[in-house]
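**Student:** Pasted the sequence and its predicted model underneath.
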Amino acid sequence: MVAAVRVHKHGGPEVLTFEDVEIPPPGQGQVRIKQHACGINFIDTYFRAGAYPSPVGMPFIAGNESAGEVTAIGPGVTDIKVGDRVGFVGPLGAYAAERNAPAERLVKLPDNISYEQAAGMMLKGMTVQYLLNRTYKVTKGTIVLIHAAAGGVGLIACQWANYLGATVIGTVGSKEKGELAKANGAHHIINYRNEDFVAKVKEITNGKLCDVVYDGIGKDTFPASLDCIRPMGMFVSYGASSGQIDAFNINILQTKGSLFATRPTLNTYAAKKQDLVDIGADLFKVVGSGAVKIPINQKYALKDAAKAHRDLEGRGTTGASILIP
Ligand SMILES: NC(=O)c1ccc[n+]([C@@H]2O[C@H](COP(=O)([O-])OP(=O)(O)OC[C@H]3O[C@@H](n4cnc5c(N)ncnc54)[C@H](OP(=O)(O)O)[C@@H]3O)[C@@H](O)[C@H]2O)c1
């Protein structure tokens with residue numbers, strides 16, 4: 001039997017149940033992983049609450065990001081062997097001491113990347129990679145606005161955008177979070193709890209506005225985020241930590257300056273194996289060189305997953321959070 005955190009019915013953090021589960025031997029194309037660390041992400045709360053349907057039905061083992069060591073391989077697996085150190089993003093099943101996973105979706109970890117670092121960045125860091133390099137190509141001089149700049153995705157995004165030469169404006173919910181985001185690459189900080197972030201963006205950019213806004217907040221920052229974008233700039237809505245954006249009239253993109261808007265997900269950008277490998281390689285390069293650090297600011301025992309969700313949804317965390325099985 002293996003310790004795991006399962007969801008039997010949708011709801012708040014209290015539905016996360018710590019229990020022993022049976023894991024079968026790895027099937028066709030699968031490997032067994034002894035997990036050393038599991039990442040906590042906002043998407044885990046969407047699955048827990050039922051906002052995203054579980055692709056494996058109920059009950060399901062929560063979690064989409066983890067890292068560990070391969071202990072067995074199933075039939076048909078050729079490119080992964082017992083003893084390999086691997087990182088993993090999706091599908092569900094991460095909050096467990098051991099899991100089976102499709103070999104096709106594993107990324108081999110370089111020696112200089114620890115399991116804890118990997119568990120803190122396979123989803124968040126790979127997301128930042130495609131957001132800054134493919135969704136909108138950030139280069140020297142690009143002006144970016146990153147909402148929730150002190151969060152898991154946020155702190156990685158601030159560092160990476162700064163490394164690419166961008167002017168980085170970050171929004172945060174407290175003074176302490178602002179200091180942290182500044183120490184991690186943000187040039188300008190706006191506390192959107194007590195400042196009008198549109199007015200501040202206008203002031204900071206001398207009216208030029210931003211080339212791109214990365215918005216993982218959703219409901220609370222829409223449509224104001226659009227007023228921070230220069231004509232023909234891009235609105236990247238990549239998450240909804242405050243709730244989903246309501247249906248809107250697409251003409252708003254015209255009236256706000258012929259804007260582009262997209263709602264991207266890593267699932268699409270890393271759908272092809274080669275893209276997954278390339279995104280991972282780029283992430284390992286910037287982290288390995290020290291240009292981007294993965295701040296793991298909360299560590300919990302696996303049995304405390306419910307507390308971890310409460311902290312994340314209560315805006316009480318910064319950087320990445322991980323569970324240790
Ligand atoms: N599309 C993709 O490929 C992809 C991949 C990974 C993550 N995401 C998305 O990226 C976003 C960030 O994920 P994360 O795991 O790194 O979380 P996170 O940013 O560490 O945590 C969420 C943060 O959002 C801010 N926030 C503002 N209003 C909030 C509210 N009403 N409730 C809760 N938080 C609120 C809080 O920061 P302040 O206190 O500073 O406001 C909070 O700390 C999420 O929306 C997630 O779904 C998308």
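**Tutor:** Arrived safely, thanks for sending. Numbers count the residues shown, from 1 in each chain.
**Student:** Can you get me the centre-to-centre distance for stretch 153-166 and its chain?
**Tutor:** Remark: stretch 153-166 is offset 14 Å from the chain centroid, using Cα atoms, centre = their mean, to the nearest Å.
**Student:** for stretch 23-38, same thing?
**Tutor:** The offset between the C-alpha centroid of stretch 23-38 and the centroid of the whole chain comes to 22 Å, using Cα atoms, centre = their mean.
**Student:** Mind listing what's buried along that stretch?
**Tutor:** Within stretch 23-38, the residues that qualify as buried by neighbour count (16 or more other Cβ atoms under 10 Å) are 23, 26, 29-33, 35-38. Using the backbone N, CA and C atoms, a C-beta is placed for each residue, glycine as well.
**Student:** Next: stretch 126-136.
**Tutor:** Counting neighbours by 16+ other Cβ under 10 Å, one finds that the buried residues in stretch 126-136 are 126-133, 135-136.
**Student:** How about exporting that stretch as CSV, limited to the C-alpha atoms?
**Tutor:** Once non-C-alpha atoms are left out, stretch 126-136 reads as follows in CSV (Å, rounded to 0.1, in the frame of the first residue of the first chain):
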residue,chain,number,x,y,z
MET,A,126,7.7,25.2,-17.9
THR,A,127,4.6,27.5,-18.0
VAL,A,128,6.8,30.5,-17.6
GLN,A,129,9.1,29.2,-20.4
TYR,A,130,6.3,29.1,-23.0
LEU,A,131,4.6,32.2,-21.7
LEU,A,132,7.7,34.4,-22.1
ASN,A,133,9.2,32.7,-25.2
ARG,A,134,6.3,31.5,-27.3
THR,A,135,2.9,33.0,-26.3
TYR,A,136,4.6,36.5,-26.5
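**Student:** Within range of the ligand, give me the residues from the stretch 151-300 of the chain.
**Tutor:** In this structure, the stretch 151-300 of the chain approaches the ligand at residues 151-154, 172-173, 177, 216-217, 220, 238-242, 264-266, judged by Cβ under 6 Å from any ligand atom.
**Student:** Find the centremost residue of this protein, please.
**Tutor:** With the centre of the chain defined as its mean C-alpha position, the nearest residue by Cα atoms, centre = their mean is K124, 2.9 Å away.
**Student:** residues in contact with that one?
**Tutor:** With contact set as Cβ atoms under 8 Å, 6 or more residues apart in numbering, K124 has these partners: 39, 41, 65, 152-153, 156, 320.
**Student:** All the strands of the stretch 201-325 of the chain, residue numbers only.
**Tutor:** Chain-ordered strands for the stretch 201-325 of the chain, with DSSP state E, counting those that start in this stretch as the definition, fall at 210-215, 229-237, 260-262, 296-301, 320-324.
**Student:** Sorry, slip of the keys, the one I care about is the stretch 1-150 of the chain.
**Tutor:** Assigned by DSSP E, counting those that start in this stretch, the strands in the stretch 1-150 of the chain fall at 2-7, 16-21, 30-40, 60-61, 65-73, 85-89, 98-102, 106-108, 143-146.
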